[in-house]
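J.: Next input, structure requested:
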Amino acid sequence: MRQDQAGQGPLLDALGELDPAAGLTVDSAALRARIDARIAADEVVDIESIVPARRSRHSMRLALGAVGAGALIVAGAIGLSGLGGSTAYAGWTATPIEVDPQVMVAACPDRLPPWNVMDPDADDIHLSPVLAEQRGPYTLAVMLGRDDATGHDPLGLCMVSQRSDGIVAPLSTTYLDVAAARAEADPVAVQEIVLGWGAEGGAGTFSAVVGTYAAGVTRVQITDGAGSPVEASLNEGWWVAWYPGDNAPGAELTVTADGSVRTLELDSVDFSGPG
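T.: Coordinates of the predicted model:
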């Protein structure tokens, strides 16, 4: 559900007072040093319990290998200790409130290794939030970066909580071509499906669908694994919806474009799988 800028003041003030990112800084140089150290040590990382299950359109998004996946964990696993609270995401709502994406700048990692992480001369890619939404005490951001050198642009999701558990999930990241992703929206396109994302314990796992939309689209609604509707947030050509649990989303989504409501098969607009 969109919310005009004029109506966001109280919400942003409340977010600022709660300050879920208090004391949190992201030191890109330090993160890269930790990544390099793990690569040099050829450390074996058990990633299955941390990296979410997700479907990916191109093999390039899966070509990170064990070292690349480990690097993403180092870059994104911030504040995972001390998670607590209900396993049902208490306070989660199926209808979000959109917030200014800049609220999430201080809370989320702002850089990631590039797709070709094995290149010692490759610079980190800067990430910026393009969409942020709040569902109860949980705020989720869609983060985008541009890698003009390779065309493999990072797309990330970052979540923080206003509860005492702080950041409740590592950064979930895949790689795509941002320009192509926007062009695929007719009127919408699914770019990433993440199933069972989240840390062990804490508030439990949840699933998310991220996509792009064309001009004229004003509403996107998916269904969760149980068939209940979940409203998506839309901003700057991107949309996202998430829900508790690890079940796959329903087979249909509803799109309002140019005043007309259409029901589409999710598979027909899903560009996240191999192809």
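J.: So Val217 sits against Val188, correct?
T.: Yes: Val217 is in contact with Val188 according to Cβ atoms under 8 Å; the separation is 6.3 Å. (Each C-beta comes from the backbone N, C-alpha and C, glycine too.)
J.: what sits in contact with each of these two?
T.: Val255 (Cβ atoms under 8 Å, 6 or more residues apart in numbering).
J.: more crowded one of these two?
T.: Neighbours were counted for Val217 and for Val188 using other Cβ atoms under 10 Å; Val188 has more, 23 against 20.
J.: For that one, report the pLDDT, please.
T.: pLDDT, Val188: 98.
J.: Now for it: which residues touch it?
T.: Gly211, Thr212, Tyr213, Ala214, Val217, Val220, Trp239, Leu253, Val255, Leu264, Val269.
J.: Can you flag which of these belong to strands?
T.: The strands, defined by DSSP state E, take in Gly211, Thr212, Tyr213, Val217, Val220, Trp239, Leu253, Val255, Leu264 from these.
J.: what would these look like in CSV with distance to Ala149?
T.: Formatted as CSV, those follow (distance: Cβ to Cβ, whole Å):
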residue, distance to Ala149
Gly211, 26
Thr212, 23
Tyr213, 28
Val217, 31
Val220, 32
Trp239, 28
Leu253, 34
Val255, 34
Leu264, 35
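J.: follow-up on the earlier one: which of the contacts of Val188 sits closest to Ala180?
T.: Thr212 (9.6 Å; Cβ to Cβ).
J.: Which residue comes closest to the closest one once chain neighbours are left out?
T.: Using Cβ to Cβ, 6 or more residues apart in numbering and skipping the chain neighbours, the partner closest in space to Thr212 is Ala185 (4.2 Å).
J.: Tell me the predicted confidence for the one you found.
T.: Predicted confidence (pLDDT) for Ala185: 97.
J.: Tell me if it really is in a helix.
T.: No: going by DSSP: H, G, I helix; E, B strand; the rest coil, the assignment for Ala185 is coil, not a helix.
J.: I'd like the numbering to begin with 6 instead of 1 from here.
T.: From this message on, residue numbering opens at 6, which makes the last subject Ala190.
J.: who are the neighbours in contact with it?
T.: Neighbouring residues of Ala190 by Cβ under 8 Å, 6+ apart: Gly216, Thr217, Tyr218, Ala219, Val222, Gly242.
J.: top of these by neighbour count?
T.: That'd be Gly216 among those, by other Cβ under 10 Å, with 29 neighbours.
J.: how about that one, what does it touch?
T.: By Cβ under 8 Å, 6+ apart, the residues touching Gly216 are Ala190, Val193, Ala194, Val195, Gln196, Glu197, Val225, Ala237, Trp243, Trp244, Val245, Val274.
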